[in-house]
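*Asks:* Just to be clear, the model below is a prediction. Sequence and coordinates:
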Amino acid sequence: MTAADTVRTIAPAAQVRDAVKVYGSGDTEVRALDGVTVDFPAGRFTAIMGPSGSGKSTLMHCVAGLDTLTSGSAYIGDTELGTLGDRQLTLLRRERIGFVFQSFNLVPTLTVAENITLPLDLAGTRPEPGLIDELIDVIGLRDRLRHRPSQLSGGQQQRVAVARALAGRPDVVFADEPTGNLDSRSGAEVLELLGDAAHGMGRTVVMVTHDPVAASHADEVLFLADGRLVDRMERPTADRVLDRMKEFDGPSRQEARS
Ligand SMILES: Nc1ncnc2c1ncn2[C@@H]1O[C@H](COP(=O)(O)OP(=O)(O)OP(=O)(O)O)[C@@H](O)[C@H]1O
């Protein structure tokens, strides 16, 4: 039995069942998700890929409690998000979910140290002893703790954002194009941090990306097309992911465009 098989036997950290998301109505109706069922196993790093408009962000937003499904269900652990009111959803996002965004989203007036502990301060909870210290070592920015985000490079800012996402020991970290604004070296460092969060710290990581190299850091890649889950790839390599993505741009699509 492989490590991947072992984690599969544990209940998923997040999942959607028959997820449908429809935007608009009538002539302007868009089925952004068209019956997606998928598990995000605990302690795994999963990447979501697919052509532009295939529903990647919609899937992430619905399973992270940032948007609601039209039908079907989304769960964090065994909590069905559709049963929660706005206040309960806000608490769930604060206590059980960490977010990493393409544009870092650090608070410019706060120091690095204050940004890392901000979610805990907002929730009025104390950090787990030793965790913040460990995160500061992991991101390698101990000598920058009193700096403001504008005094850091993009890669350093995103490492702070990853530490902030992990500070509350969330069940799931959702990362939306976390390397989209970074050069390849800084991007690789951030991806290694996300991999460590899953494999070293036992967090569940779900990442939307357009980049096959970024996706190759994940344990598994899910492929969406036209709002449906059309394929999945274990132990991806950048070349295999790139080849799979090229199939979405096959002859019929290319002819349709010309
Ligand atoms: N708020 C909205 N109102 C109407 N349509 C929307 C809305 N959000 C998304 N859509 C549509 O839903 C579909 C899926 O969008 P989504 O952003 O999830 O795709 P994506 O795969 O993340 O795309 P990209 O790679 O370009 O970011 C698209 O056709 C998009 O135009």
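*Replies:* Nice, I can see it. Keep in mind that this is a model prediction, so the values were computed, not measured.

*Asks:* Check which helix or strand Gln88 maps to.
*Replies:* Mapping Gln88 onto the secondary structure by DSSP states H and E places it in helix 86-96.

*Asks:* repeat for Leu122
*Replies:* Counting by DSSP H and E, the secondary-structure element that holds Leu122 is helix 112-123.

*Asks:* how distant is the next helix or strand after that helix from the center of its chain?
*Replies:* Toward the C-terminal end, the helix or strand that comes next after helix 112-123 (DSSP H and E) is helix 131-139. Helix 131-139 sits 20 Å away from the centroid of its parent chain (Cα atoms, centre = their mean, to the nearest Å).

*Asks:* Next, the angle helix 112-123 makes with the helix holding Gln88.
*Replies:* Taking axes from the mean of the first three to the mean of the last three Cα atoms, to 10 degrees, one finds that helix 86-96 is oriented at 140 degrees with respect to helix 112-123.

*Asks:* Report the separation between the residue nearest to Gly202 when sequence neighbours are not counted and Arg203.
*Replies:* Spatial nearest neighbour of Gly202, excluding adjacent residues (Cβ to Cβ, 6 or more residues apart in numbering): Gly43 at 5.0 Å. In this view, the C-beta of every residue, glycine as well, is placed from N, C-alpha and C. The spacing between Gly43 and Arg203, counted by Cβ to Cβ, to the nearest Å, is 7 Å.

*Asks:* Just want to know which of the two has more residues nearby.
*Replies:* More crowded of Gly43 and Arg203, by other Cβ atoms under 10 Å: Arg203, with 23 against 19.

*Asks:* just checking, that one touches Pro41?
*Replies:* No. Arg203 sits out of contact with Pro41 when judged by Cβ atoms under 8 Å, with a separation of 11.9 Å.

*Asks:* Overlap of the contact sets of these two?
*Replies:* Between them, Arg203 and Pro41 share no contacting residue under Cβ atoms under 8 Å, 6 or more residues apart in numbering.

*Asks:* Tell me which stretches of the stretch 151-258 of the chain form strands.
*Replies:* Taking DSSP state E, counting those that start in this stretch as the test, the strands found in the stretch 151-258 of the chain are 172-176, 204-208, 220-225, 228-234.

*Asks:* got a list of contacts for the first one?
*Replies:* Strand 172-176 is contacted by residues 13-14, 40, 57, 60, 63-64, 76, 96-102, 162, 165-166, 194, 197, 203-208 when judged by Cβ under 8 Å, 6+ apart.

*Asks:* how far out from the middle of the chain is it?
*Replies:* The answer for strand 172-176 is 2 Å, by Cα atoms, centre = their mean.

*Asks:* I'd like the average pLDDT over that strand.
*Replies:* When pLDDT is averaged over strand 172-176, the result is 97.

*Asks:* now check it, is it near the ligand?
*Replies:* No. Under the criterion of Cβ under 6 Å from any ligand atom, the ligand is not reached by strand 172-176; the shortest gap measures 8.7 Å.

*Asks:* who does that strand pair up with?
*Replies:* In the sheet containing strand 172-176, its partner strands are strand 97-101 (parallel), strand 204-208 (parallel), by DSSP bridges.

*Asks:* Nearest to the ligand, out of those?
*Replies:* Between the ligand and these, the shortest separation by Cβ to the nearest ligand atom is 6.5 Å, and it involves strand 204-208.

*Asks:* Pull the residues that contact the helix holding Gln88.
*Replies:* Contacts with helix 86-96, where a contact means Cβ under 8 Å, 6+ apart, come from 64-66, 76-77, 79, 81, 84, 99, 119, 122-123, 168, 170-172.
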